[in-house]
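Peer 1: kindly return the folded structure for what I paste below:
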Amino acid sequence: MTSGTGVAATPAWTGQVLVRRAAVGVTGGLVGGVVFGLMMQAWGMIPMVAQLVESSSTTVGWVVHLLISAFFGAVLAVALGHVVRGLLPGTLLGVGYGAVLWVIGPLVLMPARLGMPLFTIDDMTLQSLVGHLVFGLLLGVVSAALLRSRAARP
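Peer 2: Got it, this is the predicted structure:
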């Protein structure tokens with residue numbers, strides 16, 4: 001099979017594979033997102049997430065948080081699904097991904113959007129780091145398990 005450019009399409013990048021990977025990533029992202037969201041709820045951070053869309057509603061904060069979680073889960077699984085299939089690589093990649101998302105989100109994008117100083121390290125951002133690492137861990141483990149089980153199917 002060839003792509004429109006005349007280059008043979010590899011099975012890893014066919015539309016069906018990408019859709020499956022995205023679904024796996026969304027699932028892993030939502031599992032990690034719910035756990036991280038419960039942590040943020042306990043820490044009183046969910047209304048701050050709602051502020052990203054100019055709301056103070058806890059419900060809106062949850063919706064925004066879960067949409068972000070699903071999106072970044074899909075990004076990881078689509079881009080690196082071939083690496084995530086093993087439990088150890090999935091776990092390590094997930095935790096590393098969570099750390100990167102912590103830098104991008106709470107240290108840069110969120111403060112920039114809310115008019116706060118960038119790269120502030122305080123109790124809140126350290127709690128957020130723990131949450132992002134837990135999110136990444138769960139995303140990596142769930143994605144690896146689902147990708148392995150789907151790969152074993154005929």
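
Peer 1: going forward, measure contacts between C-alpha atoms and count neighbours the same way
Peer 2: Fine.

Peer 1: could you export stretch 70-79 as CSV, CA atoms only?
Peer 2: Output in CSV follows, covering the C-alpha atoms of stretch 70-79 (Å, rounded to 0.1, in the frame of the first residue of the first chain):
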residue,chain,number,x,y,z
ALA,A,70,-8.1,13.5,27.3
PHE,A,71,-6.3,15.7,24.7
PHE,A,72,-2.9,15.2,26.2
GLY,A,73,-3.5,11.5,26.6
ALA,A,74,-4.4,11.2,22.9
VAL,A,75,-1.3,13.2,22.0
LEU,A,76,1.0,10.8,23.9
ALA,A,77,-0.6,7.6,22.6
VAL,A,78,-0.7,8.8,18.9
ALA,A,79,2.8,10.2,18.9
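
Peer 1: averaged pLDDT, that stretch. What do you get?
Peer 2: For stretch 70-79, the mean per-residue pLDDT is 96.

Peer 1: now swap in stretch 140-152 and tell me
Peer 2: Rounded to a whole number, the mean pLDDT of stretch 140-152 is 84.

Peer 1: contacts for stretch 63-80, please.
Peer 2: In this structure, residues lying in contact with stretch 63-80 by Cα atoms under 8 Å, 6 or more residues apart in numbering are 18, 21-30, 32-34, 37, 46, 49-50, 84, 139, 143.

Peer 1: again, but for stretch 18-36
Peer 2: Applying Cα under 8 Å, 6+ apart, the set of residues contacting stretch 18-36 from outside is 12, 65-66, 69-78, 81, 131-132, 134-143, 146-147.

Peer 1: mind doing that once more with 6 Å?
Peer 2: Under the contact criterion Cα atoms under 6 Å, 6 or more residues apart in numbering, stretch 18-36 has outside partners 66, 69-70, 73-74, 77-78, 131, 135, 138-139, 142-143.

Peer 1: among the residues you listed, who's most crowded?
Peer 2: Each of the contacts of stretch 18-36 was scored for neighbours by other Cα atoms under 10 Å, and residue 139 scores highest at 36 neighbours.

Peer 1: please point out which parts of the helix or strand where that residue lies sit buried.
Peer 2: Using DSSP states H and E, residue 139 sits within helix 123-152. The neighbour-count criterion (16 or more other Cα atoms under 10 Å) identifies 125, 128-147 as the buried residues of helix 123-152.

Peer 1: got the CA positions of stretch 33-50 in CSV?
Peer 2: Below are the C-alpha coordinates for stretch 33-50, written out as CSV (Å, rounded to 0.1, in the frame of the first residue of the first chain):
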residue,chain,number,x,y,z
GLY,A,33,-7.3,13.0,34.8
VAL,A,34,-9.9,11.8,37.3
VAL,A,35,-7.4,10.9,39.9
PHE,A,36,-5.4,14.1,39.4
GLY,A,37,-8.7,16.0,39.4
LEU,A,38,-9.6,14.5,42.8
MET,A,39,-6.3,15.6,44.1
MET,A,40,-6.8,19.1,42.8
GLN,A,41,-10.3,19.1,44.2
ALA,A,42,-8.9,18.3,47.7
TRP,A,43,-6.3,21.1,47.3
GLY,A,44,-8.9,23.6,46.1
MET,A,45,-7.3,24.0,42.7
ILE,A,46,-10.3,23.1,40.4
PRO,A,47,-11.8,26.7,40.4
MET,A,48,-8.4,28.0,39.2
VAL,A,49,-8.6,25.7,36.2
ALA,A,50,-12.1,27.1,35.5
